[in-house]
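Sharing a model prediction with you, sequence too.
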Amino acid sequence: MKKKLIYLMIFGLIIGTYSCEDTFLQVPNVSGTANLTMVYSDSVNAFQAVMQCYDLSMVQGIGSPAVNSSTYVGRGCLGTLTDELCRGYSWDQNYANFSLGFDANGHTDDNYGLNFTAIRANWLVAENIDRVPDMSATGKGYIKAEVEGLNAYRYMGMFYRYGGVPIITKSFLPTDNSTVPRASLDSTLNYILQLCDNSIAGLPDTWPANQSGRLTKGAVMSIKARVLEYAARPLFNSATPYLDNGSHNNLICFGNVDPNRWQAAITANEAVLTWASQNGYALINTGGAGVNSPNPNAFADYGTATSTPGNQEVILAYKMDFQNVANIIVRNFNYSNYQTASRWDVALNGTLFNFFTNYYNADGTDPSQSWPHPGDAAPRPATDYTSRTAALEPRFHDDQVGPGFDPSYSTNPGDANWNVNGWGLDLDNHSASFPNGSYGLGCSYSVKFYYHAGSRLWMELPLFRLSETYLNLAEAYNEVGNTSKALENLNVVHNRAGLPSVTVSDQTQLRAIIQREWAIEFFLEGQRLFQIKHWKLANIGTQLLGGPVMEFQFKVTGASNNNLASHLVSYWSAITYSKYWNARMFLDPILQSEINKQIAVQNPGY
């Protein structure tokens, strides 16, 4: 299978081990014998080291066969920890972790210790790249800026997962003191901003086509914009922490509410839009409609933005080619199940009713209360399901496929792998032995990221799309009371989705609408878990990250392909299991092995 080859991989290079102490002190090893002299003896070897840095840094929260993937929580776990996806098979880590939250023994979506493996690898490159004899000064400068940007990316992820973390400014030697405590939340934020500013100053706006995927000014500007958005949200931007941590509250809370944090986020996100307009990036809207008009080409435009490699809306994507490892990208990415008809191992990762009700009707009306809910007196005919799903907005049909229907517009016309007729899985897992909907597997299945993919199973996960910038601005402008600018930015995304403009002016109501737009637009793009926590939503423990899990159940005829509309009899909504939530889960735990060294301080409640 042909996959997108961007990052050249040498799996033994600068991997290190997981604990902070070993990671900081270990000398890099290539094929068991190489040393720094070999790595930086020429530009080819040095560039391979840079590409290894990309894998180690950008794999944060995704998982990689370059390291022990069992330390990651895989197969859609970020979705199963929220209201997006069902928990999956009982042998998957997410089957247990969906109800417990991440634990302190390494089973977190980024694995705390591996952050420092990546950071050390990046600093080793920065410190040694000048040794390369056949590389220009300009090229060396770009690489130094790149690795600072990669460190900013890793620190950004740690910031909203853990709060304040150790600040590492170089690779440690055996003679160095590597006992680095956690820095305050404020110091960690300032360090990330410093890394971003240094990187932005040294990076180009674009790369040649054969090097797309490397960091640009705009990519690092997007890192800066996202981290400032998280700094402004209620979890950190608060006078008191979510749980008291005694004298260490400054690790998890700024200790005050400062509206200027929202203004800083606005400034950073506006800068991203300015850069994008000057460098050929834009939100994809080919409908030709005027301002505040629904886009008639919403299905194709949203599908292109989320699925087509190298499209003009994606500022940065995760590009990796694991050669000769069939379907490894599909299997090990944590962000979603990346479903096709052949992916039997994610057959139980259906979309939950808890999330399903976020989608609007195509005319912009809200259907959330019109769906069947647990406790209804009687099942509804299957035609109710097929007619209601047919009426939903274009993003639903780009994102989902379900029993009895294909997307209103086929995401992959003529390809049996992507339509109900040829689907090798029964969404409801029913056969003649289970005709009454005894096992729930969600309301539909995700086909996101595969619009017009045909036989292609690899994909490029978007890390920064311009729609994030617009929603960041909508959220931030609403929080500072600038309703007109909030609506302007929200409706750029909402109209592109084919929906009529939002006109609500009440700040609280508009906040909820913006958060709903985030949910729909970024379904399975790895942001929802952290956004829900940092928004501190009232229903976080009763519907989103904890509480009853609801799924549709289907009665079928018992025919061989129960996905077909002709074989569906009725459906209803049922509570199929419950998830556990505790306030300690607002932030992830620090790896217990680090706590045992009596250097790092654990987050409260663990």
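Structure's in. What do you need?

What is the helix or strand hosting V227 packed up against?
Remark: V227 resides in helix 217-232, with elements defined by DSSP states H and E. Packing contacts for helix 217-232, counted by 3 or more C-beta pairs under 8 Å, 6 or more residues apart in numbering; DSSP states H and E, involve helix 137-162, helix 185-202, helix 260-278, strand 314-318, strand 461-465, helix 466-479. Where you see a C-beta, it was placed from the backbone N, CA and C, and this is true even at glycine.

Tell me where the model's unsure across the stretch 51-200 of the chain.
Along the stretch 51-200 of the chain, the model assigns pLDDT under 70 to residues 63-77, 89, 91-108.

Please identify which of the helices and strands packed on helix 217-232 is closest to S370.
Nearest to S370 among the helices and strands packed on helix 217-232 is helix 466-479 (26.1 Å), distances taken as C-beta to C-beta.

Please work out which residues outside the closest one touch it.
222, 225-226, 229, 232, 259, 262-263, 265-266, 269-270, 272-273, 276, 281-283, 305, 313, 315, 483, 485-487, 489-490, 492-493, 496, 507, 510-511, 514-515, 517-518, 521-522, 527 (C-beta atoms under 8 Å, 6 or more residues apart in numbering).

Show me what counts as buried in that helix.
For helix 466-479, the neighbour count (16 or more other C-beta atoms under 10 Å) marks 466-479 as buried.

Now do that helix and helix 260-278, the angle between them.
Calculated by axes from the mean of the first three to the mean of the last three C-alpha atoms, to 10 degrees, helix 466-479 forms an angle of 150 degrees with helix 260-278.

And the next helix or strand after helix 466-479, what does it pack against?
Scanning forward in sequence from helix 466-479 by DSSP H and E, the next helix or strand is helix 483-496. Applying 3+ C-beta pairs under 8 Å, 6+ apart, we find helix 483-496 packed against helix 298-307, helix 466-479, helix 507-521.

Could you dump those into CSV with distance to I590 added?
Putting those into CSV (distance: least, C-beta to C-beta, whole Å) gives the following:
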stretch, distance to I590
helix 298-307, 34
helix 466-479, 28
helix 507-521, 28
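
A helix includes Q543, no?
Yes - if the criterion is DSSP: H, G, I helix; E, B strand; the rest coil, then Q543 is within a helix.

where in the chain is pLDDT low?
1-34, 63-77, 89, 91-108, 289-291, 320-348, 405-410, 416-440, 457-458, 558-563.

what's around the nearest residue to Y40 once chain neighbours are set aside, how many residues?
Computed as C-beta to C-beta, 6 or more residues apart in numbering, the closest residue to Y40 that is not its neighbour in sequence is R131, at 4.2 Å. By other C-beta atoms under 10 Å, the residues close to R131 number 14.

so R131 makes contact with M38?
No - R131 lies out of contact with M38 (C-beta atoms under 8 Å); the separation is 10.9 Å.

Find the centremost residue of the chain, please.
Nearest to the geometric centre of the chain sits G526, at 1.8 Å (C-alpha atoms, centre = their mean).

Verify the contact between V549 and L352 for me.
Yes - contact criterion C-beta under 8 Å: V549 and L352 qualify, at 6.0 Å.

can you list residues touching both of those two?
By C-beta under 8 Å, 6+ apart, the residues touching both V549 and L352 are C86.

how about D134, phi and psi?
Here is the backbone geometry of D134 (degrees, to the nearest 10): phi -110, psi 40.

ok, and the closest non-adjacent residue to it?
D134 sits nearest to S43 (C-beta to C-beta, 6+ apart), 5.0 Å away.

So the one you found sits against V132, correct?
Yes - counting by C-beta under 8 Å, S43 does reach V132; the two are 5.6 Å apart.

Compare those two (neighbour count), which wins?
With neighbours defined as other C-beta under 10 Å, S43 and V132 compare such that V132 has more, 21 against 17.

What residues does the more buried one make contact with?
For V132, the contacting residues are 40-43, 46, 140, by C-beta under 8 Å, 6+ apart.

Could you tell me how many residues sit around C53?
26.

Reduced to three states, what does it come out as?
Classified using three-state DSSP, C53 is helix.

wait, what's in contact with it?
So C53 contacts 14, 118, 121-122, 125, 146-147, 150 (C-beta under 8 Å, 6+ apart).

Nearest to V59 among these?
So of those, ranked by how close each gets to V59 (C-beta to C-beta), first place is A118, at 8.1 Å.

Just say helix, strand or coil for that closest one.
Following three-state DSSP, we place A118 in the helix state.

Report how many residues lie close to P234.
For P234, the neighbour count with other C-beta under 10 Å is 14.

quick one: G79 is in a helix?
Yes - applying three-state DSSP, one finds G79 inside a helix.

Quick check: phi and psi on the residue lying closest to it once chain neighbours are set aside?
Counting by C-beta to C-beta, 6+ apart, the nearest residue to G79 once its immediate chain neighbours are dropped is L85, at 3.5 Å. Here is the backbone geometry of L85 (degrees, to the nearest 10): phi -130, psi 150.

Report the beta-bridge partners for L85.
T351 (DSSP bridges).

Would you mind measuring from it to F464?
Separation of L85 from F464 (C-beta to C-beta, to the nearest Å): 23 Å.

Same question for M221.
Taken as C-beta to C-beta, the span from M221 to F464 is 9 Å.

between the two, who's got more neighbours?
M221 (27 against 23).

my read: that one touches V272, true?
Yes - counting by C-beta under 8 Å, V272 is a contact partner of M221 at 5.0 Å.

circling back: which residues touch the residue nearest to D134?
Contacts of S43 by C-beta under 8 Å, 6+ apart are 132, 134-135, 139.

Put the buried members of these into a ChimeraX selection.
Buried members of the contacts of S43, identified by 16+ other C-beta under 10 Å, are gathered into one ChimeraX selection as follows:
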select :132,135
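
Could you point out the longest strand of this structure?
In the chain, taking DSSP state E as the definition, the longest strand is strand 568-579.

so F254 touches L235, yeah?
No - F254 is beyond contact range of L235, at 10.0 Å (criterion: C-beta under 8 Å).

Packing partners of the helix or strand containing S593?
Following DSSP H and E, the helix or strand that holds S593 is helix 592-596. On a contact count with 3+ C-beta pairs under 8 Å, 6+ apart, helix 592-596 meets helix 112-128.

Buried residues, the helix it packs on. List them.
For helix 112-128, by 16+ other C-beta under 10 Å, it's 112-126, 128.

what's the answer for stretch 231-249, then?
231-233, 235-238, 241-243, 245, 248-249.

again with stretch 160-174
Quick answer for stretch 160-174 (16+ other C-beta under 10 Å): 160-168, 171-172.

any chance of those in a markdown table, plus distance to W535?
Formatted as a markdown table, these follow (distance: C-beta to C-beta, whole Å):
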| residue | distance to W535 |
| --- | --- |
| Y160 | 12 |
| R161 | 15 |
| Y162 | 18 |
| G163 | 16 |
| G164 | 20 |
| V165 | 22 |
| P166 | 27 |
| I167 | 27 |
| I168 | 30 |
| S171 | 37 |
| F172 | 37 |
